[in-house]
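Asker: Have a look; sequence and predicted model below, questions after that.
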Amino acid sequence: MVLTRGLRSLFVAGINYACKYTSSSVMHVRAVSTMQPLSKNKEVTITFVKADGERIKAKGQVGNSILDIVVNNDIDLSGYGACEGTLTCSTCHLIFSKDVYDGLPDKPTDEELDMLELAQERGDTSRLGCQIIMTEKLDGIEVIVPTGINDARQT
């Protein structure tokens, strides 16, 4: 009886259980999810243009940062993302076209601007890839990868 009351409180908490009594009066409990499965995010593409002209097209998902896409696709961009997105380096510095830059969903934070000051080849449309979250609107963009990197943690 006490066990039954305890299970009823779980119903109130939003968790459903399927209970089955056996002939030996032992109750077996199995959790049953009533949530819909998470849908897979839409796939997006991005092209990295290296200083030597090499173009690397990569796929990711809406909600991934550009750093996530580089890591998940094992793209070799020499030191890119050394701090793993903690805003303590500037190795994921990228240069965007003016129209893409103006359409980015978020403006750079003060912390990002501080790191960008240490980046090599910084321009008016520079951002850190770890801070750019891909949206459907950004699908198909091209970004320029600067020639060199500056790991701000080593300055």
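Answerer: Perfect, thanks for sending it.

Asker: Centre-most residue in the protein?
Answerer: residue 64 (3.1 Å; CA atoms, centre = their mean).

Asker: so where do the strands sit in the protein?
Answerer: 16-21, 27-32, 43-49, 55-61, 93-96, 126-128, 141-144 (DSSP state E).

Asker: Report the rounded mean pLDDT for the second one.
Answerer: Spelled out, that is strand 27-32. The pLDDT scores in strand 27-32 average 51.

Asker: go on, the first one?
Answerer: Averaged across strand 16-21, pLDDT comes to 46.

Asker: What about residue 128, how many residues nearby?
Answerer: 27 (other CB atoms under 10 Å). All C-beta spots, glycine's among them, are computed from the backbone N, C-alpha and C.

Asker: if we can go back for a sec, am I right that the residue nearest to the centre of the chain is in contact with residue 72?
Answerer: Yes. The criterion here is CB atoms under 8 Å, and residue 64 meets it with residue 72 at 7.3 Å.

Asker: pLDDT score assigned to the residue nearest to the centre of the chain?
Answerer: Confidence score, pLDDT, at residue 64: 96.

Asker: List the residues that contact it.
Answerer: Going by CB atoms under 8 Å, 6 or more residues apart in numbering, residue 64 touches 41, 44, 72, 133-134.
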